[in-house]
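let's see this in three dimensions:
(2 chains)
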Amino acid sequence: MRMTLTRAGALARRRRALRALAALPLAALAGACRIREQQADALVFRHPKLFGDPQPLDALVGEFERAQGARVRRETLPASSDEQHLYYAINLSAQTREFDVLALDTIWVAEFAQAGWLRDLSHLVTHGDEHDLFEAPLASVSWRGRRYALPWFVDAGLLYYRADLLAAQGLAPPRTWVALQDAIHRVRAGQPALHGFLWQGKQYEGLVCNALEFIWSHGGDLGAGSEAAARGLAFMRRLVTAGVSPPFVTTLTEEPSRVLFGRGRALFLRNWPYAWSLLEGAGSAVRGRVGVCALPHSAGHASAATLGGWHLGVNAFSRRAALAERLAAFLAAAPAQKALALAYGYSPPRRSLYADAELTAARPFLGSLGALLDAARPRPVSPYYVAVSQVLQSEFSAVLCGRRAPEAALAAIARRHRALEAG
Amino acid sequence: MRLRAARLEPWVLMSPALLLLAAVTALPMLYVLWLSLQQRALFRPARFAGLDHYLRLAADERFWNALGNTLYFAAVSVAVELALGLGFALLLERAGRVRALVYGAVLVPWAIPSVVSARIWEWMYHPEIGLLSYLAGRPVNWLGDPALALHAAIAMDVWKSTPFVALLLLAGLQGIPRELARAAAVDGAGAWTVFRRITLPLLAPVILVAAVFRTIDALRVFDAIYVLTGGGPANTTETLSIYAYRVLFQELDFGYGSALAVVVLAITGIAALAYARLLRARIE
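This next block holds a predicted model:
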């Protein structure tokens, strides 16, 4: 009798515990709903992950919230560029209202604008802005004469070099490709194991940026001037066959190339501005021995760097477009860009900020980049860029591996481009 | 009347399962097939395209390249996996007391997610600091050389999938009565003859099952290669699934991408049917 009683008690207890457990997800759901309700009226800002502490950006957003009496929620995008593009494309083609302000890679604006997913922000770009902003980002936010985004921060390809090794040979940083090869030749005479020039040659978007720099710095361009463009691509191939770059450059992306250079294994590296703080940071094997300059060019032509970076756009389907426009304009204005440059080292797209004494004093490296970033060039501004890039990646990779002659690759690229434009 | 009811009963009982299968398999499949006949791409008016996409496929150099890569990858990796898997299974059968330990060790590659194993192999293939270049005694451009890259991907797949084949074949081996081998030995058959005349024929159905699984997986291969090489260099490792993914999810051309997906489906379907026939012939 006692036995059964206790068992019944235990059963009842267990049942109560189970019921409590079953209620948990419901409670969580209710909680989640409440949070969603509270935040339903918040403006949503989608942007890629920040390099560092979110506090400075939060402080900026907080300033906007107080001034406008509005609430803003920041949401981070997926890590890879492909996933970000897919995320936006899927949601915007379904006319989402889940986000209002969105950070855009420079290569997406024409596509999204043509699709009708972005609000026309031309009225937010003042006459003063047009003079202040660098040309390349301004070109890449423009589509059919209107502006569909505001330049937020910019990137450009740079040449990193081992200042100590060049100085030991009495060499200046190279201005031409010939000088670069010459420097490699001389330094390697004493250090045969050292790699010459590392850059990004894996079949991916980074290869497009690198190859365009080779083409542009030989006076060529896609479409027009294809003879010079072919010379640029042939030069890219020759870097590998002549041993200026190691064969495995065909597998390199930004980070592996930066790591090798950072371990002191190479004389030159092509990379974006982000590499500087890592190469010069505590624990770097090459700290204090690295210099930066513009990428070299072939004789008689100008140096060229591919534009990267992020713009701010406003979702065309946003319920609160006016407020969203104010947030985009606030974040893309000089004071906010200066704060972000100070906090994260992001390079602002405004000439005036590179003359700002406080900024150049706090971030001397950034201060020295102004002219280099100002000279950057955008990748083809086209609503079909993502599809074009597929062809650019595979054709450039084929040239780099010696599987395709530069002329044949350029012809294939032109064919595909025409087919896309024709629909 | 009663007879008809009796005939109907199994269908009634099976209907929930059949409906579920239809909902999760047949409908999406038909939808992809339907999409492949439509023009559904950004900036282009949605319209019925008929067989346009399939005609475009026939003239698409990149498609034929991807098809070739896929078939080569599947043929070589499945053949090597079956051969190695059979070897491991025969050894494991004799492993005796350490068997449990060896089981665990063998299963590790199979248990690692493909994306993670691709990252591991990416480091092993690193020309400067990778293990394989060290073993080769000189820097080898495993992933960046057009002649090597697809083979590097095959090696990774073999490493990952051989354990699966080995365990399946081991189960098959354990199902073969030992008396047969003993009787043959009494009749004077050597180990090779026993293997060829008794083990292999009795194991054949299991080998076929392993081959079906591996072939279907290999024909659809995506994640491991996508992480390892991204399809490069010069598209030499781009498989049909990678090409389909790019067209569908990067170019956002759902019509043409669906046509590519239908081709993958058709090829795996044909492979599965061919194996099923072989298997049935064996059993009969």
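
output the below-cut-off pLDDT ranges for chain A.
Residues of chain A meeting the criterion pLDDT under 70: A:1-40, A:224-225, A:423.

got the domain ranges for it?
Domain assignment for chain A by automatic domain parsing gives A:43-155+A:307-377, A:156-306+A:381-422.

for residue 95, give me its contacts.
Defaulting to chain A. A:Phe317 (CB atoms under 8 Å, 6 or more residues apart in numbering or on different chains). All C-beta spots, glycine's among them, are computed from the backbone N, C-alpha and C.

think we crossed wires, I meant chain B
B:Val102.

would you mind listing what in chain B touches chain A?
Applying CB under 8 Å from any CB of the partner chain, we find that chain B lies next to chain A at B:42-44, B:62, B:126-128, B:139, B:141, B:143-146, B:229-236, B:238, B:246, B:249-253.

on that earlier part again, closest to B:Ile207 out of the domains of chain A?
Checking the domains of chain A against B:Ile207 by CB to CB gives domain A:156-306+A:381-422 as the closest, at 36.4 Å.

off-centre distance for the closest one?
The chain centre lies 17 Å from the centre of domain A:156-306+A:381-422; the measure is CA atoms, centre = their mean, to the nearest Å.

residues in contact with the one helix or strand B:Val209 maps to?
Taking DSSP states H and E as the criterion, B:Val209 maps to helix B:200-219. With CB under 8 Å, 6+ apart as the test, helix B:200-219 has contacts from B:70-71, B:73-74, B:77-78, B:81-82, B:85-86, B:157, B:161, B:164-165, B:168-169, B:171-173, B:175-176, B:180, B:240, B:264, B:267-268, B:271-272, B:275-276, B:278-279, B:282-283.

endpoint to endpoint, stretch A:285-297 covers what distance?
29 Å (CA to CA, to the nearest Å).

got the buried residues for it?
Within stretch A:285-297, the residues that qualify as buried are A:Val286, A:Arg289, A:Val290, A:Val292, A:Cys293, A:Ala294, A:Leu295, A:Pro296, A:His297, counting by 16 or more other CB atoms under 10 Å in any protein chain shown.

repeat that for stretch A:175-191.
A:Arg175, A:Thr176, A:Trp177, A:Leu180, A:Gln181, A:Ala183, A:Ile184, A:Arg186, A:Val187, A:Arg188.

for stretch A:83-103, same thing?
In stretch A:83-103, residues buried by neighbour count (16+ other CB under 10 Å) are A:Gln84, A:His85, A:Leu86, A:Tyr88, A:Ala89, A:Asn91, A:Leu92, A:Phe99, A:Asp100, A:Val101, A:Leu102, A:Ala103.

contacting residues for the residue lying closest to B:Asp253 once chain neighbours are set aside?
Excluding its sequence neighbours, the residue lying closest to B:Asp253 (CB to CB, 6 or more residues apart in numbering or on different chains) is B:Ala41, at 4.1 Å. Contact partners of B:Ala41, counting by CB under 8 Å, 6+ apart, are B:Glu251, B:Leu252, B:Asp253, B:Phe254, B:Gly255, B:Tyr256.

so what's A:Val286 up against?
Neighbours of A:Val286 in contact, by CB under 8 Å, 6+ apart: A:Arg162, A:Phe261, A:Gly262, A:Arg263, A:Gly264, A:Leu279.

which SS class is it?
Under DSSP: H, G, I helix; E, B strand; the rest coil, the three-state class of A:Val286 is coil.
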